[in-house]
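Novice: Output the structure for:
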Amino acid sequence: MTNLTNPSSKTIQDIKLIELIHIISNIVSGGFFGIICIGLYLLLNKDKVDNEIREICYDIINFNLSFIIYFTIWFISIFVLIGLVILPILYCIWIVVLILGAIKHFAWERYVYPMTITFLK
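Specialist: Numbering: from 1, shown residues only. As a prediction, this is how the structure comes out:
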């Protein structure tokens, strides 16, 4: 976790907007809507988004994709009954990591989400 370099008021405002979209969309949909919202933000602001913001957006998308995969594995494992034990643990980890990421981004620190598979760089 490092502090991001040379934060301007516009960049800090962008980070707060991205994190707000990230939290609200994940709570509402469980990740799919979060990916769509962040992707739309990147597409609509592709000329205005700097590299640090783009990296943070990619981290959020990777986080969402990773946990979609984890929940899919959980759904398959529920038929073996181990999924009943895994679900509360996985859900708690997802919520805690989501909130920690938002707090760190609001404090203008780079947060690398744990348990994330890197799909986009």
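
Novice: Only C-alpha atoms from now on, for both contacts and neighbour counts.
Specialist: OK.

Novice: so where's this protein shaky on pLDDT?
Specialist: Counting by pLDDT under 70, the ranges of the chain that qualify are 1-10, 25-30.

Novice: mind listing the helices for it?
Specialist: Ranges of helices within the chain are 9-29, 32-44, 51-77, 83-106, based on DSSP state H.

Novice: of all those helices, which lies closest to Thr118?
Specialist: Ranking those by proximity to Thr118 (CA to CA) places helix 51-77 first, at 5.7 Å.

Novice: Format the helices of the chain as JSON lines; extra columns: distance to Ile117 and mean neighbour count.
Specialist: JSON lines is the format used below for those (distance: least, CA to CA, whole Å; neighbours: other CA atoms under 10 Å):
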{"stretch": "helix 9-29", "distance to Ile117": "18", "mean neighbour count": "16"}
{"stretch": "helix 32-44", "distance to Ile117": "15", "mean neighbour count": "17"}
{"stretch": "helix 51-77", "distance to Ile117": "6", "mean neighbour count": "18"}
{"stretch": "helix 83-106", "distance to Ile117": "14", "mean neighbour count": "16"}
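
Novice: Quick check: the gap between the nearest residue to Ala102 once chain neighbours are set aside and Thr72.
Specialist: Leaving aside its sequence neighbours, Ala102 sits nearest to Glu19 (CA to CA, 6 or more residues apart in numbering; 5.6 Å). Distance, Glu19 to Thr72, by CA to CA, to the nearest Å: 24 Å.

Novice: what's next to stretch 85-96, contact-wise?
Specialist: For stretch 85-96, the external contacting residues (CA atoms under 8 Å, 6 or more residues apart in numbering) are 67, 70-71, 74.
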